[in-house]
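1. need a structure here:
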Amino acid sequence: MAQDAPSIGEPGPNAKPERVKSVRLVDRVFDQLRERIRSGNYPPDSRLPGEHELASIMGVSRPIVRDALGRLREEGMVYSRQGAGTFVSAQASPTTHLAYSPVKTIADIQRCYEFRLTIEPAAAFFAAQRRDEAAIQKIAAALADLREATSHQLHRTDADFVFHRCVTEAANNHYYTASIEALKPHIAVGMHLHGLSLMGPRLGLEKVFEEHNAIYQAIADGRADDAQKAMRLHLEGSRNRLFEDRVLDLSF
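-> Reported below is the predicted structural model:
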């Protein structure tokens with residue numbers, strides 16, 4: 001069973017500091033390499049720098065680089081040739097990635113919440129069924145960042161997004177992860193506005209943190225139905241706080 005959440009300002013739940021730091025470094029290297037691949041800096045079928053060179057470029061150890069490359073292989077973005085190194089997959093071309101129309105109106109923000117409500121609760125359900133220790137630690141690391149921000153009366157949209165992405169990764173279904181990655185700029189708009197709506201009473205930020213913690217606890221405990229419910233309540237709560245309980249009528 002997962003431990004009770006520590007108070008604001010304490011270390012992340014169930015996560016040793018060195019383990020959390022390692023997870024964050026792998027995330028950073030993975031994100032940077034993925035962005036360089038997507039932007040065309042490392043084009044399809046090109047050879048990536050070796051582990052030693054990448055470690056020097058990124059300022060991390062080789063095991064961190066190795067773990068990040070392993071995640072890229074799992075996502076099909078790179079492949080290895082024995083004795084030759086790691087190469088960018090043809091399918092990693094930017095033209096092959098899922099994309100949605102940009103947010104242009106308040107109604108689009110509501111539509112984004114509606115779409116998230118169809119996929120993220122299900123992802124949380126499967127995350128609770130399929131997660132392993134590494135997945136739990138990643139979610140815990142993101143939760144620790146949210147806790148730290150909350151203790152300083154801040155709402156970090158980057159940590160918030162990472163938390164939700166880690167949940168989709170824990171579901172071990174790349175369709176969920178690809179969808180939330182494609183929605184990243186759209187989600188950021190809603191998260192930013194939602195964060196502004198919380199900059200009043202202290203209770204607002206703490207309530208949002210507790211919603212995230214409830215999702216984490218349910219996933220860590222393997223309580224799939226509770227994880228699904230907690231994610232739905234969180235997303236609905238975020239939407240309702242942003243729209244002040246007055247959602248738009250999107251009927252034709």
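2. Let me see the ranges of the helices in the stretch 101-250 of the chain.
-> Along the stretch 101-250 of the chain, counting by DSSP state H, counting those that start in this stretch, helices occupy 106-130, 133-151, 157-170, 174-182, 184-197, 202-221, 224-242.
3. In terms of mean pLDDT, which of these ranks lowest?
-> For these, the weakest mean pLDDT is recorded on helix 184-197, namely a mean of 81.
4. Now do that helix: everything it contacts.
-> Defining contact as CB atoms under 8 Å, 6 or more residues apart in numbering, one finds that helix 184-197 is touched by 100, 102-103, 108-109, 112-113, 116, 155, 157, 160-161, 164, 180, 204, 238-239, 241-242. Where C-beta positions appear, they are placed from N, C-alpha and C, glycine not excepted.
5. let's see it at 6 Å
-> The contact list for helix 184-197 (CB atoms under 6 Å, 6 or more residues apart in numbering) reads Val103, Ile109, Cys112, His155, Thr157, Asp160, Ser238, Arg241, Leu242.
6. who's in contact with Ala218?
-> Applying CB under 6 Å, 6+ apart, we find Ala218 in contact with Ala128, Asp226, Ala227, Ala230.
7. do you know how far the second one is from Phe125?
-> Distance of Asp226 to Phe125, computed by CB to CB, to the nearest Å: 9 Å.
8. Please identify which of the two sits among more neighbours.
-> Neighbours were counted for Asp226 and for Phe125 using other CB atoms under 10 Å; Phe125 has more, 22 against 18.
9. quick one: which of the contacts of Ala218 has the most company?
-> Counting neighbours by other CB under 10 Å, Ala227 leads those with 30 neighbours.
10. My guess is that residue contacts Ala128. True?
-> Yes: at 4.0 Å, Ala227 and Ala128 qualify as touching, with contact defined as CB atoms under 6 Å.
11. related to what we said a few turns ago, could I get the contacts of helix 184-197 as a markdown table with distance to Ile219 and neighbour count?
-> Below are the contacts of helix 184-197 laid out as a markdown table (distance: CB to CB, whole Å; neighbours: other CB atoms under 10 Å):
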| residue | distance to Ile219 | neighbour count |
| --- | --- | --- |
| Val103 | 28 | 18 |
| Ile109 | 26 | 21 |
| Cys112 | 23 | 18 |
| His155 | 22 | 21 |
| Thr157 | 21 | 17 |
| Asp160 | 16 | 23 |
| Ser238 | 18 | 22 |
| Arg241 | 23 | 16 |
| Leu242 | 24 | 21 |
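12. got those as TSV, with distance to Gly222 columns?
-> Output for the contacts of helix 184-197, formatted as TSV (distance: CB to CB, whole Å):
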residue	distance to Gly222
Val103	35
Ile109	33
Cys112	29
His155	29
Thr157	29
Asp160	24
Ser238	25
Arg241	29
Leu242	31
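13. Between Ala227 and Ala128, which contacts overlap?
-> Each of Ala218, Ile219 lies in contact with both Ala227 and Ala128 under the rule CB under 6 Å, 6+ apart.
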